[in-house]
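> Below are the sequence and a predicted model for it; my questions follow.
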Amino acid sequence: MNSNADTLRKEIENIRRSQEKLENLFAEIQTELRAIKTRMNNAEERISDMEDRIMKIIQSGQQTENQIKKQESNIRDLSDNIKRANLRIRGIPEGVEKDKEMENICEEIITGNFPNLKDTEFRIQEAQRAPNKLNPNRSTPRHIIIKMAKVNDKESILKAAREKQNVTYKGSSIRLSADLSTETLQARRNGKRYLKC
């Protein structure tokens with residue numbers, strides 16, 4: 001019986017040691033789980049902070065984009081305002097300005113095509129080809145930009161051109177239009193509000 005009691009004591013001792021090991025292991029696992037939970041909470045906080053920063057960056061980017069669009073619109077409006085009294089003539093052959101001053105050619109176009117405007121005194125401040133340099137790769141002649149003294153003069157000429165519909169210079173068909181910024185012209189084309197005269 002003694003041997004059975006010894007065996008039983010050893011068994012109980014082994015079970016106690018195993019239980020201590022399990023308790024220690026369980027305590028380690030709990031400690032590790034707490035550490036993991038702490039790291040996860042920290043990671044979640046950092047992720048939340050990053051998401052907040054990303055949202056601020058996106059909002060700032062949108063504000064900047066809106067400001068850029070507003071500034072571009074202001075520049076376009078300013079450009080159009082500067083060009084407000086300008087007329088653009090398309091289709092006049094290159095080189096005709098060698099024989100006559102550009103202003104005289106423009107007056108000839110106005111008086112020749114719009115006899116009802118002969119009595120009106122138009123003052124042309126400036127007339128020139130645009131762009132200034134001739135591009136040899138371009139088959140069409142450069143446009144002529146006329147700066148009128150008054151916006152009303154330009155409007156009267158454009159109205160007469162729309163009414164006549166077929167404006168010519170020395171038998172060739174030409175087109176008159178307002179001189180607008182490229183952006184405004186593109187916006188009108190996209191909106192299909194571009195007036196042809």
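Here it is on my side, so go on.
> for the least confident helix or strand in the chain by mean pLDDT, packing partners?
Within the chain, no helix or strand scores below helix 182-191, which has a mean of 77 by mean pLDDT, DSSP states H and E. Helices and strands touching helix 182-191, as assessed by 3 or more CB pairs under 8 Å, 6 or more residues apart in numbering; DSSP states H and E, comprise helix 2-82. From N, CA and C alone the C-beta is placed, and that goes for glycine too.
> Give me the distance from the helix it packs on to the chain's centre.
Chain-centre distance of helix 2-82: 40 Å, with CA atoms, centre = their mean, to the nearest Å.
> Report the angle between it and helix 182-191.
100 degrees (axes from the mean of the first three to the mean of the last three CA atoms, to 10 degrees).
> Which strands and helices lie in contact with whichever helix or strand comes after helix 2-82?
Later in the chain than helix 2-82, the nearest helix or strand by DSSP states H and E is strand 86-90. In terms of contacts (3+ CB pairs under 8 Å, 6+ apart), strand 86-90 is packed against helix 102-113, strand 143-148, helix 151-164, strand 172-178.
> picking that back up, just the CA coordinates for the least confident helix or strand of the chain, please, in CSV.
Provided in CSV are the C-alpha atoms of helix 182-191 (Å, rounded to 0.1, in the frame of the first residue of the first chain):
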residue,chain,number,x,y,z
THR,A,182,-9.5,80.0,-76.1
GLU,A,183,-11.1,78.7,-72.9
THR,A,184,-14.3,80.7,-73.5
LEU,A,185,-14.5,79.5,-77.1
GLN,A,186,-14.0,75.9,-76.0
ALA,A,187,-16.7,76.3,-73.3
ARG,A,188,-19.1,77.6,-75.9
ARG,A,189,-18.3,74.8,-78.3
ASN,A,190,-18.9,72.3,-75.6
GLY,A,191,-22.1,74.0,-74.7
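> Please point out which parts of that helix sit buried.
184, 185 (16 or more other CB atoms under 10 Å).
> how far off strand 86-90 does it point, in degrees?
70 degrees.
> low-scoring stretches of the protein, by residue?
1, 192-197 (pLDDT under 70).
> what's the domain layout of it?
Domain ranges of the chain: 1-82, 83-191, per automatic domain parsing.
> mind listing what's buried in stretch 158-165?
Buried-residue list, stretch 158-165, by 16+ other CB under 10 Å: 158, 160, 161.
> What is the nearest of those to residue 122?
residue 160 (11.2 Å; CB to CB).
> what's the nearest residue to residue 178 once chain neighbours are set aside in contact with, if anything?
Leaving aside its sequence neighbours, residue 178 sits nearest to residue 158 (CB to CB, 6 or more residues apart in numbering; 6.4 Å). Listed by CB atoms under 8 Å, 6 or more residues apart in numbering, the contact partners of residue 158 are 87, 176, 177, 178, 197.
> Closest to residue 145 out of these?
Of the contacts of residue 158, the one sitting nearest to residue 145 (CB to CB) turns out to be residue 87, at 7.4 Å.
> my guess is that closest one contacts residue 174, does it?
No - using CB atoms under 8 Å, residue 87 makes no contact with residue 174, being 11.3 Å away.
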